[in-house]
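*Asks:* dropping a prediction and its sequence here:
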Amino acid sequence: MIKSRAAVAFEAGKPLEIVEVDVAPPKAGEVLVRIVATGVCHTDAFTLSGDDPEGVFPAILGHEGGGIVEAVGEGVTSLAVGDHVIPLYTAECRECKFCKSGKTNLCSSVRETQGKGLMPDGTTRFSYKGQPIYHYMGCSTFSEYTVLPEVSLAKIQKEAPLEEVCLLGCGVTTGIGAVLNTAKVEPGSSVAIFGLGGIGLAAIIGAKMAGATRIIAIDVNPSKFDKARELGATEFVNPKDHEQPIQQVIVEMTDGGVDYSFECVGNVDLMRAALECCHKGWGESTIIGVAGAGQEISTRPFQLVTGRVWRGSAFGGVKGRTELPGYVEKAQKGEIPLDAFITHTMGLEDINKAFDLMHEGKSIRSVIHF
Ligand code: NAD
Ligand code: AHE
Ligand code: ZN
């Protein structure tokens, strides 16, 4: 057992508490990682709110981290002590039906136990005062030390600053990947991006990389527009400035609708708008935002009959162990400006401030340094 400073979510809807937890050593096929830095993603806030059907408490949240391998369990072959790693909430075992399909990045190897806050053997490595603490999304990066399955770690270049590339563990990769892998946006396309947080801004970078010529950035918080412009958005719309439904505004701006749209908020009404602002015959909308328990999407089936396509994307369709080193390389070359996302940095003791800043619309990403 080692001691670790961690921010624990003891109950839904309550601030995290900084305590010292016990971390058990890695079992066979597992790896102990010292987290150097972690981003705070809206999904952490979503689960903390109690809206996540998979949310279990007490848990150590966090899934956007960067760290260094501290110890490996029996049988671990792809990682060694000292390796730099990015935890993966979408594992990549390369052996399951999903990994072998060539059609998806969703891996089934550890997903079932992961969704219950447990390690693959059905137990937890974290405890506090002798009581078990659950894992989160297979990562639990809001802890100085965490344990993950070997298949849930991407080994990355040692030269890359973990305080920045941690953002490739979720937000930035998700937004870029959704555009390049899921929607496969073509040069010359028109794109509408709903929500300009970490995910939507990364989708703008993806759209620019793909050669989109019109990138329409949509947010109810106009303070997000400057950063969107800096990253490549060409037009800016605040739904609050219009009386008509936002889909109608976009359709009128684009002679019948956009080629591609992305919902990066997690609002089911906006998901509908994002679909319906797509062009008849070919427009494709990708849902990235995560909606709460019990919520459902709807539209007139005629929207799909007349050629619009509705898709969804998890971790941008990216296979983490194989593809993240490439994303890190792009960041190192300046092709992915990670620093543009980091609006705040703080110590673990101030992590609740990161949640406040997100809810107040004042941050893109807060990065916690351990
Ligand atoms: P964020 O809170 O940083 O950003 C959300 C943005 O949406 C904010 O700028 C906010 O002003 C804007 N917004 C809110 N309501 C709006 C509306 N009605 N119209 C237009 N804009 C609106 O969040 P984030 O970290 O960027 O995450 C965005 C969503 O993506 C969340 O639902 C998160 O859970 C989800 N997510 C999904 C994946 C995935 O793999 N599918 C990965 C990461 C995050
Ligand atoms: N637990 C939720 C679903 C949450 C969800 O959709 N998660 C996204 C990643 S969000 C990262 O910030 C995802 O990748 N989903 C695919 C997966 O396998 O979890 C619920 O509704 O139960
Ligand atoms: Zn996330």
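*Replies:* Received it, and whenever you're ready, just let me know what you need. Ligands and ions are numbered 1, 2, ... in the order given.

*Asks:* nearest spatial neighbour of the residue nearest the centre of the chain, skipping sequence neighbours?
*Replies:* For the chain, the residue sitting closest to the mean C-alpha position, by C-alpha atoms, centre = their mean, is Cys170 at 3.3 Å. Counting by C-beta to C-beta, 6 or more residues apart in numbering, the nearest residue to Cys170 once its immediate chain neighbours are dropped is Glu64, at 4.1 Å. Where you see a C-beta, it was placed from the backbone N, CA and C, and this is true even at glycine.

*Asks:* kindly provide the distance from the one you found to Ala7.
*Replies:* The spacing between Glu64 and Ala7, counted by C-beta to C-beta, to the nearest Å, is 14 Å.

*Asks:* looking at these two, which is more packed in?
*Replies:* Taking other C-beta atoms under 10 Å, Glu64 and Ala7 do not tie; Glu64 has more neighbours (31 against 28).

*Asks:* phi, psi of that one?
*Replies:* Dihedral angles of Glu64 (phi, psi; degrees, to the nearest 10) stand at phi -130, psi 60.

*Asks:* in the stretch 101-250 of the chain, which spans are helices?
*Replies:* All helices of the stretch 101-250 of the chain, identified by DSSP state H, counting those that start in this stretch, fall at 111-114, 162-165, 171-177, 198-210, 225-231, 246-253.

*Asks:* could I get those in CSV, plus columns for mean pLDDT, mean neighbour count and distance to ligand 2?
*Replies:* Listed next are the helices of the stretch 101-250 of the chain as CSV, based on pLDDT from 0 to 100; neighbours: other C-beta atoms under 10 Å; distance: least, C-beta to the nearest ligand atom, whole Å:
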stretch, mean pLDDT, mean neighbour count, distance to ligand 2
helix 111-114, 98, 17, 6
helix 162-165, 98, 22, 17
helix 171-177, 99, 28, 7
helix 198-210, 98, 28, 8
helix 225-231, 98, 17, 20
helix 246-253, 98, 19, 23
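
*Asks:* and Glu20, which of these is closest to it?
*Replies:* With C-beta to C-beta as the measure, helix 162-165 is the member of the helices of the stretch 101-250 of the chain nearest Glu20 (22.5 Å).

*Asks:* and the pLDDT for the residue nearest to the centre of the chain?
*Replies:* On pLDDT, Cys170 comes in at 98.

*Asks:* need the contact list for it.
*Replies:* For Cys170, the contacting residues are 39, 41, 43, 63-64, 89, 198, 315, by C-beta atoms under 8 Å, 6 or more residues apart in numbering.

*Asks:* sort out for me which of those residues are in helices.
*Replies:* Judged by DSSP state H, the contacts of Cys170 include 43, 198 as members of helices.

*Asks:* pull the most distant pair out of the contacts of Cys170.
*Replies:* Farthest-apart pair in the contacts of Cys170 is Tyr89 and Gly198; separation 14.9 Å (C-beta to C-beta).

*Asks:* tally of neighbours for the residue in the stretch 1-150 of the chain that ligand 2 sits nearest to?
*Replies:* The stretch 1-150 of the chain approaches ligand 2 most closely through Thr43 (3.1 Å), counting by C-beta to the nearest ligand atom. Using other C-beta under 10 Å, Thr43 has 22 other residues around it.

*Asks:* please tell me how far it sits from ligand 1.
*Replies:* Separation of Thr43 from ligand 1 (C-beta to the nearest ligand atom, to the nearest Å) stands at 4 Å.

*Asks:* read off the pLDDT value for Leu153.
*Replies:* Listed pLDDT for Leu153 reads 99.

*Asks:* what residues are bridge-paired with it?
*Replies:* Here Leu153 sits in beta bridges with Pro87, going by DSSP bridges.
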